[in-house]
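Chemist: I would like the atomic coordinates for the input below:
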Amino acid sequence: MSYYHHAYYGGHGIAHMIISAVIHSVIWAVVWKTMRGLGLADSALLAVGAIMVIAAGIWFLRRIKST
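Modeler: Residues are numbered from 1 along each chain as shown. I've put the predicted structure just below:
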């Protein structure tokens, strides 16, 4: 079995790690700025809403893919 198709074995591992770190940094910066002034109940409501949006997106993509 060949594992050389994976990005880390193709010589792009460092670039992949750098791009991934930048994307994660931007995402966490947005999360922290959004959550800074919220109370516990507001934070919980925001988290539940985000989870519902993500779940709906996954459901929608699976539904499109299956048809």
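Chemist: other SSEs contacting the helix or strand encompassing Ala47?
Modeler: Here Ala47, judged by DSSP states H and E, is contained in helix 40-66. Counting contacts by 3 or more Cβ pairs under 8 Å, 6 or more residues apart in numbering; DSSP states H and E, helix 40-66 packs against helix 13-35. Yep, even glycine has a C-beta here, placed from its N, CA and C like the rest.
Chemist: just the mean pLDDT for the helix it packs on, thanks.
Modeler: In this model, helix 13-35 carries a mean pLDDT of 89.
Chemist: that helix vs helix 40-66, what angle?
Modeler: 130 degrees (axes from the mean of the first three to the mean of the last three Cα atoms, to 10 degrees).
Chemist: buried stuff in helix 13-35?
Modeler: Buried residues in helix 13-35, counted by 16 or more other Cβ atoms under 10 Å: none are found.
Chemist: mind exporting it as CSV, just the C-alpha atoms?
Modeler: What follows is helix 13-35, C-alpha atoms only, in CSV (Å, rounded to 0.1, in the frame of the first residue of the first chain):
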residue,chain,number,x,y,z
GLY,A,13,4.1,19.0,4.5
ILE,A,14,5.7,22.3,5.7
ALA,A,15,3.5,24.4,3.5
HIS,A,16,0.4,22.5,4.6
MET,A,17,1.3,23.1,8.3
ILE,A,18,1.9,26.8,7.8
ILE,A,19,-1.3,27.4,5.9
SER,A,20,-3.3,25.3,8.4
ALA,A,21,-1.8,27.3,11.3
VAL,A,22,-2.7,30.6,9.7
ILE,A,23,-6.3,29.5,9.0
HIS,A,24,-6.7,28.2,12.6
SER,A,25,-5.2,31.4,14.0
VAL,A,26,-7.7,33.5,12.0
ILE,A,27,-10.6,31.3,13.1
TRP,A,28,-9.6,31.5,16.8
ALA,A,29,-9.1,35.3,16.6
VAL,A,30,-12.7,35.7,15.3
VAL,A,31,-14.0,33.3,18.0
TRP,A,32,-12.3,35.2,20.8
LYS,A,33,-13.3,38.6,19.6
THR,A,34,-16.9,37.4,19.2
MET,A,35,-17.0,35.8,22.7
